[in-house]
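Enquirer: Could you work out the structure for the sequence below:
(2 chains)
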There are 2 protein chains.
Amino acid sequence: MLGVTDGPESRLFESMRYATFGGGKRFRPFLVVQSAKLFSVQKAAALRVAAAVELVHCYSLVHDDLPAMDDDDLRRGKPTVHKQFDEATAILAGDALLTLAFEVLADHRTHENAEVRTELVSALAKAAGGRGMVGGQMLDLAAESVELDIGAITRLQRLKTGAIIAFSCEAGAILGRASMDARDALRGYAHDLGLAFQISDDLLDVEGTIEETGKAVGKDADAGKGTFVSILGVERARAQAKLLAAQAVEHLAMFEGAADLLRNAATFVVERRR
Amino acid sequence: MLGVTDGPESRLFESMRYATFGGGKRFRPFLVVQSAKLFSVQKAAALRVAAAVELVHCYSLVHDDLPAMDDDDLRRGKPTVHKQFDEATAILAGDALLTLAFEVLADHRTHENAEVRTELVSALAKAAGGRGMVGGQMLDLAAESVELDIGAITRLQRLKTGAIIAFSCEAGAILGRASMDARDALRGYAHDLGLAFQISDDLLDVEGTIEETGKAVGKDADAGKGTFVSILGVERARAQAKLLAAQAVEHLAMFEGAADLLRNAATFVVERRR
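Expert: Have a look, this model is predicted:
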C-alpha cells in the first residue's frame, strides 16, 4: 500500500512502516480474524479490517509515546518512533496511519457491500475517537493528577483499550452480517476480555521486566497513577482478571467449538508475560 | 455532536470546540457547499461533508502549530490549542477531530446511499493521508533544510493544501453523482485554485500583517524556507496567482451561471488579506 518513493516523504513512509512492522502481539487483528471466522467471512476481507485496526492501534502507540504524552523511549524493545526519527515525523506518522485505516476500510476490496463498509468506518471512528480511545487517553493523562476510584478507572480503561478491542470483536459480526444475538454475545465477550487485558497490563507494569514487555515498566507507580493494581493490590487484581476472563468465555457458548481460539485468547490475556 | 460531559474528558471536547469554532475563513466548506449546489444536492448533506472537511482542516492546523512542528503561538488571532490548553491535549484534540470527520461522513444522514458515503470516506482519506496533506506537511518540514526548486514546491503545495481543496470541490460531484465531465471540470478548477490559494498565502506571509492574518508573519523567510515568493519574487508570484485564478475560472464554463460564486472565489483567493 505504501510503495517506495524517492521524495523526502519517503521518510514518512519509512516511519509508518517502522511503527507498524516492529512486532507486537497483533492481539486486535487476531480478534478480528477469529470473530470473522465465526460467520465464515472471506479471509481477505477479515485481514483488511484486521490491518485497519492494527493501524489505529499503532498510531495510538506512536502518539502516546510522544514526549508531551507518556514520554517513552522504548516500545517493543526498540526506540520509539520519535526517538528513531523525530517528534514531527512521529506526529505525522501517527496522523497518516490513522487516516490510512479509514482508507483501507472504505476500499471496495474490504467488502462488496458498501453498507458494510460504512458500518465498519462508523464503528471504528466511534471506537477510536473522543468518546472512545482518545477520550480514554485524555482520562489517562488526568489520572496522574486526579485520584481515581475503581469505577473511574474501569470507565477509563473501557474507553482507552476496551473500545478498540470491542470493535475488533464486533468487526467480524459486521463483516458477516451476523444476528443481533451473535453481536451481543461478542460485545459481552469483548467487554470482559478488554478489562481482563488491561488489568494484566497493569500487573505487567508492576511485575514484568523490560526484557519481557519490551517497554519501560514501573511507570504507573512512579507517576503515582491509579491503576487496578494500585487500588486492588496484586493478588486481588490477578483474581479479578481471571474472573473476567472466565466471564468472557461464558459469552461464547452459542458459537460452540468455532470459538475455541477466542476462548484460548481469554486465557492468554491473563497469563501473558508481554 | 459533542455534548457537555462532566468527566475529565470535557477538557478534550472543549479543546476540540476551541480548535473548530475559533473563526477562520471556512473556505473549504464554502467550496463543498458551492460545488454541491451545481448538482442540486440537499443542503443538509453538503453541510455535513463541509463540516467533515473543516474538521480535517482544523485538526491539521492544531498539529501543524505544535512546538515540534511549526511552533506557532497564534492562530486566527488567538493562542494556538497547545498554548491555550497543553501539548498533550492538542495532540489528542487533533486526533479526535480527524477521527470525527470520518464518523460524520460514514453516518447515514450524510447520504442515503452507502456507496456515496464510502466514496467520500475514501476520497477524504486519500486527500488527507500520507500521499496527500500529511505527505505535503512532511515535505514542508524538509523544505527548511533542503533547497526546493519551483517544481518541488508546486508538488509540495499540491499535496499540502491542494489535495483537501480538490476534495472539497469534488465532494459536491460525489454527493450529486455527477458525470465524469463535471468531475473533471471541478478537479481542474480545484487544481488551479489550490495553487493560487497557496501563492497568495506565501504573499501574505511576506506582505500581510499579524492583525490581518491573525497569525505570525515572515516565518517562511526567517526559516529560510523556499516558497513561490522566495523563488519567483513578489511581482511574478502575484502575476502567477492571478493567471492561475483566471485559469481556474475557465474550467467552470459548463456550469454557466450556477458557478458564479465559485468564480468569485477565484478572485477572492488572489485578493484576500487573510
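Enquirer: where along the stretch 1-150 of chain A do the helices fall?
Expert: A:10-20, A:27-37, A:43-64, A:81-84, A:87-106, A:114-128, A:133-142, A:150-157 (DSSP state H, counting those that start in this stretch).
Enquirer: hang on, isn't A:D70 packed against A:H63?
Expert: No - assessed by Cβ atoms under 8 Å, A:D70 is found out of contact with A:H63, at 9.5 Å. In short, each C-beta sits where N, CA and C put it, glycine included.
Enquirer: which one of those two has more residues nearby?
Expert: A:H63 (28 against 20; other Cβ atoms under 10 Å in any protein chain shown).
Enquirer: residues in contact with the more buried one?
Expert: A:69, A:90-91, A:94, B:91-92, B:95 (Cβ atoms under 8 Å, 6 or more residues apart in numbering or on different chains).
Enquirer: and if you look at A:A93?
Expert: A:A93 touches A:12, A:15-16, A:18-19, A:59, A:62, A:81, A:85, counting by Cβ under 8 Å, 6+ apart.
Enquirer: what do you get if the cut-off is 10 Å, keeping everything else the same?
Expert: Contacts for A:A93 (Cβ atoms under 10 Å, 6 or more residues apart in numbering or on different chains) come out as A:11-20, A:58-59, A:62-63, A:81-82, A:85, B:130, B:134, B:138.
Enquirer: Show me which of those residues are buried.
Expert: Neighbour-count burial (16 or more other Cβ atoms under 10 Å in any protein chain shown) is assigned, among the contacts of A:A93, to A:11-16, A:18-20, A:58-59, A:62-63, A:81-82, A:85, B:130, B:134, B:138.
Enquirer: circling back to that earlier point, what do A:D70 and A:H63 both touch?
Expert: A:137, B:88.
Enquirer: In contact with the nearest residue to A:G135 once chain neighbours are set aside, which residues?
Expert: Once flanking residues are discounted, A:G135 sits nearest to B:E9: 4.4 Å by Cβ to Cβ, 6 or more residues apart in numbering or on different chains. Contacts here follow Cβ under 10 Å, 6+ apart; on that basis B:E9 touches A:130-131, A:134-139, A:141-142, A:155-156, A:159, B:92, B:96.
Enquirer: from those, which has minimum pLDDT?
Expert: Lowest pLDDT among those: A:A142, with 84.
Enquirer: Double-check that one against A:I153; I have them as touching.
Expert: No - when contacts are counted by Cβ atoms under 10 Å, A:A142 is not listed as touching A:I153 (11.6 Å).
Enquirer: Which of the two has more residues huddled nearby?
Expert: Shown here are A:A142 and A:I153; by other Cβ under 10 Å, A:I153 has more neighbours (24 against 18).
Enquirer: distance of that one from B:K25?
Expert: 43 Å (Cβ to Cβ, to the nearest Å).
Enquirer: cool, A:R117 as well?
Expert: A:R117 sits 33 Å away from B:K25, going by Cβ to Cβ.
Enquirer: With neighbour numbers in mind, choose between the two.
Expert: A:R117 (28 against 12).
Enquirer: What distance do you get for A:R238 to A:F102?
Expert: 38 Å.
Enquirer: likewise A:A237?
Expert: For A:A237 relative to A:F102 (Cβ to Cβ), the value is 36 Å.
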